[in-house]
Every structure is written in C-alpha cells, then in structure tokens.
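Chemist: Please find the sequence and the predicted model below.
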Amino acid sequence: MNSFLPRRLPQRSDKVTGLSFHFLTCVATKGRLPPYRSLPVAMTRSERRLSAILHADLAGFVRLVEAEEDLTFEHLRSARSKIWQPAIESAGGYLVHSTGDSLLAEFGSAVAAVQVAIDIQEHMARFNEGLAEEQRLLFRIGVHLGEIIMDEANHDIFGDGVNLAERIQVLAEPGGIAVSRAVRDVAKLRDDYAYVDGGEHRAKHVSRPLHIYRVRARESSATVQSRPVPLRGIFHFHGVDVSGRKFGFDVPMDELVKRKQSVVIGRDSSQCDVVLSNTSVSRRHARLSVGKNNTLQIEDVGSTNGTAINGTPIAPGLSRPLEPGSTLKLGDIELVVRYD
C-alpha cells in the first residue's frame with residue numbers, strides 16, 4: 001500500500017530522465033532544404049521563421065537502462081541508424097545536430113513532419129516485435145507549428161515553437177503521436193490515419209491551454225501493430241486544486257498488474273491506497289484498475305463531487321480508460337497523467 005502513497009514528483013526538466021529526439025520541419029520553403037553552410041550570406045546570425053517542430057521522447061528510459069544498460073543503448077543505436085535517420089533523409093530532411101540523447105532535423109513541409117512521425121512509429125512497432133517485452137522502445141512524438149529562432153552560427157533552434165512541441169510530446173501516448181491544432185489544420189493525413197480530438201490540457205510553464213489531437217490508425221488499417229503493447233512503467237499523477245495547492249502520486253503499473261487488485265483514491269487513509277487531503281474529495285472517491293490489454297482504467301465509486309477525464313464526467317460505477325496525457329479531475333483537484 002505504501003507504494004501508492006503521494007510523494008513529491010521529480011521534475012522532467014532533467015535530461016537524464018529520458019532519451020529525447022527533436023525534429024524541426026520548415027514550412028517557409030518548398031522542396032528539400034539546403035544545408036546551413038549553403039544558406040545565403042545575407043541571412044543574419046539569428047533569425048525567426050515559422051516552422052513545424054517534431055519532438056520525441058523515449059518512455060521508461062531510466063527503467064530500461066537500469067535493467068539492461070548495454071542492451072538498451074545497442075537497441076537505440078540500431079533504431080536510430082535503421083529507422084530514424086532513413087526516415088528523415090527519405091523525407092528530404094537535413095540533420096541539424098545530434099548530441100547524445102537529442103537529435104534535431106529540418107524538413108520541407110509540415111505534412112512531411114507528420115508523415116515522418118507516422119513512418120517512424122510504424123517501423124518502431126515492427127522493430128519492437130523482435131525484442132523482449134521489457135526491452136521494447138516506446139517513443140512519444142509531439143508535433144507543433146510555430147515560430148522558432150534559428151541560430152545559424154551555432155546550428156541550433158530555440159523559441160516558443162520548440163518548447164510547445166516538447167509539451168505536446170509529453171501529452172502523447174507511449175508509441176503514439178500528438179499534434180497541435182495548428183498542425184491538424186494544415187497537415188492532411190493518409191487515408192488510413194485520422195486525427196482524434198485529445199481535448200485541452202494544462203502544460204508546465206505554458207500560460208494558455210494546449211488543444212491536442214492524437215494521430216491514430218483507422219480501425220480497418222493494418223499499417224501499425226494491432227496488438228497493443230502492455231504498459232510496464234509508472235503512471236505519474238500531478239496537479240493542483242482550485243487554491244493552487246499541489247498534489248501528486250505515482251502508480252507502478254507492474255505492481256498493479258501483479259497485485260491484480262484495484263487502487264482506491266480518496267480522503268480517508270483507513271480506506272484508501274492513495275490519500276488526497278482535500279474536502280472536495282470523498283472518503284472513497286475513485287478506483288484505479290487494470291483493464292483489457294493491461295490498460296489503466298478509472299472508476300468513480302459514488303463520489304460526492306464527481307470524477308472527470310478531459311472535462312467529461314464519469315458516471316458512478318462505470319470504468320473508463322485513462323490514457324497518458326489525460327487530465328483527471330477528482331473533486332476540485334485537477335491532475336495531469338504521465339507515463340514512463
């Protein structure tokens with residue numbers, strides 16, 4: 001029971017907590033982009049332009065490295081050389097830089113950025129079929145269209161557009177793709193894929209809500225792995241109540257599956273596994289459990305002030321899937337759900 005007690009969550013700003021890839025897709029020009037060294041001399045050392053940014057992060061990186069460090073890095077090198085780099089080059093992309101756990105590239109259109117994301121996730125699904133379940137590499141990918149600052153002298157990218165792409169990536173599912181409304185409006189998908197409204201979310205250090213859309217294969221499509229990969233990492237719940245008071249707790253998926261029992265959330269420590277000390281939370285408020293294909297489910301157990309996912313109330317007694325990137329509201333407490 002103590003495994004599920006609330007605690008202060010680590011900050012994800014620490015780079016060692018995951019392997020992240022950054023991609024930038026330029027939409028200001030057509031066709032293939034020339035390398036930086038051949039850009040016109042008239043360009044300033046630092047300039048702004050509208051670009052589409054693709055940011056990806058490996059879920060569960062710390063767990064993978066702790067279990068099999070050498071094997072994990074061998075798999076990552078293989079995925080980079082066989083999947084990521086060919087996908088970038090085949091789309092006319094230009095690799096800006098690669099520094100250990102990050103990679104930045106530039107393409108010729110926003111459509112190319114989303115298509116590259118789809119190609120990578122399709123190939124990663126097949127790549128993972130050859131790995132043991134506990135060694136599979138599940139990347140989150142986020143794509144945003146916005147203004148960036150290009151530092152030509154240092155071959156680097158900065159700006160609000162890059163930051164928002166990273167926040168959107170956090171809201172993607174492991175093995176999935178999330179995009180901003182701006183990308184959804186300009187990038188048409190292949191017929192076998194569709195945008196699914198992911199709702200509005202509050203993101204760290206972002207003043208306005210982020211409206212995201214998930215890129216998913218249509219039910220009739222056989223282009224991606226049909227069997228869901230069981231989640232084996234840790235679900236992180238963190239957020240605030242209406243007064244700004246912070247709340248947070250972790251739920252290890254492995255332990256939840258092993259226990260084959262639910263985790264009860266509420267205000268009463270004698271009846272609950274996770275205790276949230278807030279008067280708007282009922283003594284027994286909601287229950288977390290493992291559903292089909294090892295997905296996390298939540299059920300309202302008759303609370304007074306209700307439970308909602310992404311603003312949609314859950315009827316008492318009914319279980320609903322709780323996906324990474326979702327916003328969970330318990331009474332007056334609003335929590336963002338993350339998984340790694």
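Modeler: Perfect, I can see it now.

Chemist: Low-confidence bits of the protein, can you list those?
Modeler: By pLDDT under 70, the low-scoring segments of the chain are 1-46, 94-106, 108, 154-155, 219-232, 259-260, 293.

Chemist: At which residues are the strands of the stretch 201-340 of the chain located?
Modeler: Counting by DSSP state E, counting those that start in this stretch, the stretch 201-340 of the chain forms strands over residues 210-217, 234-240, 246-252, 263-266, 274-275, 286-290, 296-300, 307-309, 312-313, 319-321, 327-330, 333-339, given from the N-terminal end onward.

Chemist: just those: most buried one?
Modeler: Mean neighbour counts were taken over these using mean count of other CB atoms under 10 Å, and the top value, a mean of 24, falls to strand 263-266. Where you see a C-beta, it was placed from the backbone N, CA and C, and this is true even at glycine.

Chemist: And it, what does it pack against?
Modeler: Contacts defined by 3 or more CB pairs under 8 Å, 6 or more residues apart in numbering; DSSP states H and E place strand 263-266 against strand 274-275, strand 286-290.

Chemist: For D268, which residues are in contact?
Modeler: For D268, the residues meeting the contact criterion (CB atoms under 8 Å, 6 or more residues apart in numbering) are V275, R283, R284.

Chemist: check contacts around the nearest residue to the last one once chain neighbours are set aside.
Modeler: It refers to R284. What sits nearest to R284 in space, not counting adjacent residues and going by CB to CB, 6 or more residues apart in numbering, is G266, at 4.4 Å. Contacts were defined as CB under 8 Å, 6+ apart; by that measure G266 touches C272, V274, V275, L276, V281, S282, R283, R284, H285, A286.

Chemist: Report the separation between the fifth one and T304.
Modeler: From V281 across to T304, the span is 9 Å (CB to CB, to the nearest Å).

Chemist: Now find how far off-centre the helix or strand that contains R63 is within its chain.
Modeler: Element membership of R63 [criterion: DSSP states H and E] is helix 61-67. Offset of helix 61-67 from its chain centre (CA atoms, centre = their mean, to the nearest Å): 18 Å.

Chemist: same for it, what does it pack against?
Modeler: Where contact means 3+ CB pairs under 8 Å, 6+ apart, helix 61-67 is packed against helix 69-79.

Chemist: can we see that at 7 Å?
Modeler: Packing partners of helix 61-67 (3 or more CB pairs under 7 Å, 6 or more residues apart in numbering; DSSP states H and E): none among the helices and strands.

Chemist: quick one: R218 and D192, what's the gap?
Modeler: Here the criterion is CB to CB. By it, R218 lies 6 Å from D192.

Chemist: Just put the strands of the stretch 201-340 of the chain in JSON lines and tack on distance to A172.
Modeler: Listed next are the strands of the stretch 201-340 of the chain as JSON lines, based on distance: least, CB to CB, whole Å:
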{"stretch": "strand 210-217", "distance to A172": "7"}
{"stretch": "strand 234-240", "distance to A172": "15"}
{"stretch": "strand 246-252", "distance to A172": "19"}
{"stretch": "strand 263-266", "distance to A172": "24"}
{"stretch": "strand 274-275", "distance to A172": "25"}
{"stretch": "strand 286-290", "distance to A172": "21"}
{"stretch": "strand 296-300", "distance to A172": "16"}
{"stretch": "strand 307-309", "distance to A172": "17"}
{"stretch": "strand 312-313", "distance to A172": "20"}
{"stretch": "strand 319-321", "distance to A172": "15"}
{"stretch": "strand 327-330", "distance to A172": "14"}
{"stretch": "strand 333-339", "distance to A172": "10"}
